[in-house]
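K.L.:
Here is the input, now give the coordinates:
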Amino acid sequence: MSMLRPLARAVALLAAVGLATTSCAGRVGTAKGGDEELPQPDRELKFPQEGFMKVYDNGLTLFVLPDPYTRLVQFDVRQRVGSREDPEGKIGMAHFVEHLMFQMPADGPGSEKLMSDIQRHALSFNAYTSPDETHYMHTGTADELETYMKYTALRLGYDCEAVSEDAFMRERDVVRNEHRWRSTGVDAKVRDALTELAFDPGHPYRHKSAGEDLQLASITPQETCDFIEKYYTASQATLVVTGDIDPLDVLELANKYLQPLPKVTPPPRKPVPPANFGKSSGQIVASVQKPTAVVLFRMPKRFTKDYAASQAAIQTLFMAVSFFTSRRGSVVERFYPTVLGGKEALVFGIGIETKKARDLDRGVDDEPAYIILMHSSLRLCPFASLR
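P.N.:
Have a look, this model is predicted:
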């Protein structure tokens with residue numbers, strides 16, 4: 001449902017990204033063990049307020065945490081399948097399947113579709129597909145918990161015969177329109193160039209927008225059914241329920257709707273190597289509004305020892321950039337963040353705009369924060385006819 005905002009504008013919240021500490025030579029901080037995974041919690045984890053985490057025998061993870069300070073309930077399901085699982089030649093499959101999940105009949109054959117039914121049972125709802133997962137979100141009241149559980153069981157027991165061919169074709173066109181909207185114009189060209197700089201050919205995060213529409217148009221009902229059967233299983237689902245809830249009520253409903261789901265061994269995920277800048281800089285010509293330089297940084301993985309430091313570093317970086325670019329004589333007219341990749345190989349970028357193309361080098365090199373932290377840069381220049 002949701003999509004990334006264009007690259008030439010702010011594309012991510014700062015709180016969602018982190019920045020690796022680096023040396024002046026541009027290397028990631030080399031503290032011993034910096035990339036080691038932190039210890040994982042036990043299978044059964046207890047929390048204050050009688051919250052808990054439970055992993056069912058079928059592999060589904062349930063996380064429950066009541067909050068006495070709200071009258072609302074947040075019911076989130078994260079399915080461990082994202083665009084990195086798109087089959088070869090079928091870019092957009094995971095996103096399309098996300099849409100199809102709302103075309104299921106809510107109460108059996110001939111009943112209203114989930115997309116319509118959910119509007120009577122949730123104050124708000126949404127879904128999005130990222131490189132690593134598909135996220136379904138519901139906000140409502142405690143008396144609707146059973147409905148949300150039922151929706152989750154429907155997704156994990158998707159019936160291909162229940163979605164008509166007309167609904168399939170219509171929803172496929174909706175997704176094609178979304179992808180066409182975000183894959184045309186200068187923003188898509190710039191993002192593709194940045195992605196090629198950061199990730200080697202064959203990398204799970206190296207998805208290019210070019211050709212997406214034709215690949216989406218070629219997806220068949222049988223191919224979507226095969227994809228859903230493979231990835232929409234209990235073992236790949238994590239359910240988080242918070243807010244005005246009784247933990248025992250949540251557990252009872254989960255036992256009723258989710259515990260009976262079959263146990264299916266999840267397929268192994270393709271390994272994700274780190275970002276690899278094959279060159280320190282590059283240059284493209286694009287019809288950007290102003291000459292732009294984008295500085296890219298390799299980020300530490302979440303839950304590694306450097307991750308917390310990276311969160312603080314990025315805040316410090318932006319304060320420094322804001323200070324230096326606002327001082328008198330700075331050639332930088334605007335700066336903004338961007339994010340590439342996913343959880344297992346995140347790349348953070350800062351774009352700066354100058355009035356004249358010849359000022360790009362100065363805009364990057366004159367800012368001490370850039371000098372200290374720069375890994376790789378890509379110069380973007382407007383067409384000569386637009387200067």
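K.L.:
ok, now how distant is residue 295 from residue 348?
P.N.:
The spacing between residue 295 and residue 348, counted by Cβ to Cβ, to the nearest Å, is 9 Å. (Each C-beta comes from the backbone N, C-alpha and C, glycine too.)
K.L.:
whoops, residue 181 was the one
P.N.:
Distance, residue 181 to residue 348, using Cβ to Cβ: 25 Å.
K.L.:
Can you pick out the residue with more neighbours from these two?
P.N.:
Applying other Cβ atoms under 10 Å to residue 181 and residue 348 shows that residue 348 carries more neighbours, namely 26 against 12.
K.L.:
what bridges to the more buried one?
P.N.:
Bridge pairing for residue 348 (DSSP bridges) gives the partners residue 297, residue 339.
K.L.:
And the helices in the stretch 251-387 of the chain, which stretches?
P.N.:
According to DSSP state H, counting those that start in this stretch, the stretch 251-387 of the chain carries its helices in the segments 307-326, 360-365, 368-373.
K.L.:
can I get the CA coordinates of the longest one in PDB?
P.N.:
Spelled out, that is helix 307-326. What follows is helix 307-326, C-alpha atoms only, in PDB (Å, rounded to 0.1, in the frame of the first residue of the first chain):
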ATOM      1  CA  TYR A 307      24.200   0.100  15.900                       C
ATOM      2  CA  ALA A 308      23.300   2.200  19.000                       C
ATOM      3  CA  ALA A 309      26.400   4.400  18.300                       C
ATOM      4  CA  SER A 310      25.300   4.800  14.700                       C
ATOM      5  CA  GLN A 311      21.900   6.200  15.800                       C
ATOM      6  CA  ALA A 312      23.700   8.900  17.900                       C
ATOM      7  CA  ALA A 313      26.200   9.500  15.100                       C
ATOM      8  CA  ILE A 314      23.500  10.400  12.500                       C
ATOM      9  CA  GLN A 315      21.900  12.900  14.800                       C
ATOM     10  CA  THR A 316      25.300  14.500  15.400                       C
ATOM     11  CA  LEU A 317      25.900  14.500  11.700                       C
ATOM     12  CA  PHE A 318      22.800  16.300  10.800                       C
ATOM     13  CA  MET A 319      23.300  18.900  13.400                       C
ATOM     14  CA  ALA A 320      26.800  19.500  12.000                       C
ATOM     15  CA  VAL A 321      25.600  19.600   8.400                       C
ATOM     16  CA  SER A 322      22.800  22.000   9.400                       C
ATOM     17  CA  PHE A 323      25.300  24.300  11.200                       C
ATOM     18  CA  PHE A 324      27.900  24.300   8.400                       C
ATOM     19  CA  THR A 325      25.400  24.700   5.500                       C
ATOM     20  CA  SER A 326      23.600  27.600   7.300                       C
END
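K.L.:
Out of the helices of the stretch 251-387 of the chain, flag the one nearest residue 157.
P.N.:
helix 307-326 (36.2 Å; Cβ to Cβ).
K.L.:
for the chain, what are the low-confidence residue spans?
P.N.:
For the chain, residues meeting the criterion pLDDT under 70 lie at 1-49, 210, 366-387.
K.L.:
follow-up on the earlier one: Serialize the helices of the stretch 251-387 of the chain to a markdown table and add fields for mean neighbour count.
P.N.:
Rendered in a markdown table, the data for those read as follows (neighbours: other Cβ atoms under 10 Å):
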| stretch | mean neighbour count |
| --- | --- |
| helix 307-326 | 16 |
| helix 360-365 | 18 |
| helix 368-373 | 18 |
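K.L.:
Dump the ones you listed to a markdown table, plus distance to residue 104.
P.N.:
Supplementary listing: the helices of the stretch 251-387 of the chain in a markdown table, determined by distance: least, Cβ to Cβ, whole Å:
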| stretch | distance to residue 104 |
| --- | --- |
| helix 307-326 | 37 |
| helix 360-365 | 50 |
| helix 368-373 | 47 |
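K.L.:
the strands in the chain, which residues?
P.N.:
Per DSSP state E, the chain has strands spanning 45-46, 52-55, 61-66, 73-79, 124-129, 134-140, 237-243, 281-285, 292-298, 332-342, 345-354, 376-381. These are given in chain order.
K.L.:
Starting from the fourth one, tell me which strands it pairs with and how they run.
P.N.:
So the one you mean is strand 73-79. Strand 73-79 has the following sheet partners, assigned by DSSP bridges: strand 134-140 (antiparallel), strand 237-243 (antiparallel).
K.L.:
and what of the third one?
P.N.:
Here strand 61-66 has these sheet partners by DSSP bridges: strand 52-55 (antiparallel), strand 237-243 (parallel).
K.L.:
gap between it and the chain center?
P.N.:
Here the centre of strand 61-66 is set off from its chain's centre by 22 Å, with Cα atoms, centre = their mean, to the nearest Å.
K.L.:
Ok, stretch 51-70 next?
P.N.:
Using Cα atoms, centre = their mean, the distance between the centre of stretch 51-70 and that of its chain works out at 23 Å.
K.L.:
Residue 52 touches residue 245, doesn't it?
P.N.:
No: with contact defined as Cβ atoms under 8 Å, residue 52 does not count as touching residue 245 (11.7 Å).
K.L.:
shared neighbours of those two, anything?
P.N.:
residue 64 (Cβ atoms under 8 Å, 6 or more residues apart in numbering).
K.L.:
The two: which is more packed in?
P.N.:
A direct count of neighbours by other Cβ under 10 Å for residue 52 and residue 245 places residue 245 higher, at 21 against 16.
K.L.:
one step back: nearest to residue 57, of the helices of the stretch 251-387 of the chain?
P.N.:
Nearest of the helices of the stretch 251-387 of the chain to residue 57, taken as Cβ to Cβ: helix 307-326 at 31.7 Å.
K.L.:
Next one: the residue nearest to residue 154 when sequence neighbours are not counted relative to residue 167, how far apart?
P.N.:
Leaving out its chain neighbours, the residue that sits closest to residue 154 by Cβ to Cβ, 6 or more residues apart in numbering is residue 104, at 5.1 Å. Applying Cβ to Cβ, one obtains 10 Å for the distance of residue 104 from residue 167.
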